[in-house]
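J.: sequence and predicted structure are below.
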Amino acid sequence: MVEQEMAESSDSTALRKKTSLIASLVSSLQTDEKTEARKNEEDRKGLSRKELFDEMLMFMIAGYETTSTTLAWSIYQLSKHPRVQQKIKTELMQYNCGQYLSSDHLDSFIYLDCFINEVLRYSPTIDATSRTVIVDDNLPKSGTQLYKGNQVIIPTSALARDARHWKIDPELFYPERFLNEDKNYHPYALLPFGSGHRQCLGQDLARLELKVILARMLQQVTFGDGGPEVNAGGYIQKLTIMPKHIGVTIEFN
Ligand code: HEM
């Protein structure tokens with residue numbers, strides 16, 4: 001894909017760089033890598049070819065397992081919460097979209113958005129992120145001293161279940177919270193995609209993928225609890241946090 005893009009004229013790449021990630025990366029390639037390599041890191045402009053390929057690899061690694069694991073958690077939660085599953089199905093039927101899912105249809109599925117948010121809150125695939133302190137500073141309330149170079153861990157999964165930040169018991173799997181009591185939750189209580197200028201670059205794509213796949217699946221099938229032996233839940237921590245025992249029944253509607 002990158003080579004195809006590099007074969008295009010620079011004018012054509014520049015035209016498409018707002019809508020194509022690959023065109024955008026290719027248009028940032030350094031024209032003279034050797035000269036750039038001799039400069040200090042802060043003075044270098046553009047991407048080397050190696051940096052571009054590293055970015056592409058990062059998209060694949062960061063984009064694949066996170067989204068597929070969130071989908072696995074979604075299926076697990078659907079199997080455990082038939083009431084929630086039925087409510088999503090009712091919403092899908094209400095808009096009677098058949099085989100064709102337009103962006104207007106997707107925008108109408110408000111409860112499905114709440115469900116996806118609740119899965120990301122209750123069963124996060126990533127439990128923390130981190131930042132490197134770049135100047136000596138201290139935390140506003142506690143006064144804790146931080147020094148340049150310290151690594152600060154932000155425990156996103158603990159924040160998402162911290163009762164101080166949620167009006168409805170955070171231990172409950174309850175998508176409706178995002179329609180009512182917890183609609184205006186603290187912006188840093190739920191950070192499934194991080195925050196700030198290093199936040200997840202693929203979050204809109206991930207949300208779109210999750211919404212389309214879940215809507216399509218729930219138009220066709222109902223997930224049931226496969227029983228305590230196979231659908232026992234729990235989690236394993238690999239690159240992401242995955243469900244450990246997930247075993248559901250699938251009924252075609
Ligand atoms: C449900 C799916 C996903 C979850 C839960 C997720 C979560 C995250 C989190 C927590 C971070 C760190 C953000 C921070 O420290 O502030 C991150 C970074 C990143 N994600 Fe995602 N992600 C998902 C899907 C994707 C997809 C689909 C892509 C790309 C196709 C992607 C690409 C990236 C990249 C490139 C970064 C690094 C950004 C940077 O360091 O500047 N992610 N993601």
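T.: Arrived safely, thanks for sending.
J.: going forward, measure contacts and count neighbours with C-alpha atoms only.
T.: Fine.
J.: ok, which stretches of the stretch 101-250 of the chain are strands?
T.: In the stretch 101-250 of the chain, the segments counted as strands under DSSP state E, counting those that start in this stretch are 129-132, 137-138, 145-146, 151-154, 221-225, 233-237, 241-245, 248-252.
J.: now Ser24: closest residue in space, sequence neighbours ignored.
T.: Lys17 (4.2 Å; Cα to Cα, 6 or more residues apart in numbering).
J.: the one you found is in contact with Ser27, isn't it?
T.: Yes. The criterion here is Cα atoms under 8 Å, and Lys17 meets it with Ser27 at 7.2 Å.
J.: unless I'm mixing things up, Thr156 is touching Leu190, no?
T.: Yes. Counting by Cα under 8 Å, Leu190 is a contact partner of Thr156 at 7.0 Å.
J.: follow-up on the earlier one: and of the strands of the stretch 101-250 of the chain, who's closest to Thr90?
T.: Nearest of the strands of the stretch 101-250 of the chain to Thr90, taken as Cα to Cα: strand 221-225 at 12.2 Å.
J.: now for the closest one, which elements pack on it?
T.: When contacts are defined as 3 or more Cα pairs under 8 Å, 6 or more residues apart in numbering; DSSP states H and E, strand 221-225 packs onto helix 49-80, strand 248-252.
J.: so which bits of the stretch 1-150 of the chain are right by the ligand?
T.: Taking Cα under 6 Å from any ligand atom as the contact definition, the stretch 1-150 of the chain meets the ligand at Met58, Phe59, Ala62, Gly63, Thr66, Thr67, Thr70, Thr125, Ile126, Thr129.
J.: how many other residues sit next to the first one?
T.: What it means is Met58. Met58 has 12 neighbours, counted by other Cα atoms under 10 Å.
J.: now do the fifth one
T.: A total of 19 residues lie near Thr66 under the criterion other Cα under 10 Å.
J.: where in the stretch 101-250 of the chain is pLDDT low?
T.: Along the stretch 101-250 of the chain, no part satisfies pLDDT under 70.
J.: how close does the closest residue to Ala163 other than its chain neighbours sit to Thr69?
T.: Using Cα to Cα, 6+ apart and skipping residues adjacent in sequence, the residue nearest Ala163 is Pro170, 6.0 Å away. Separation of Pro170 from Thr69 (Cα to Cα, to the nearest Å) stands at 21 Å.
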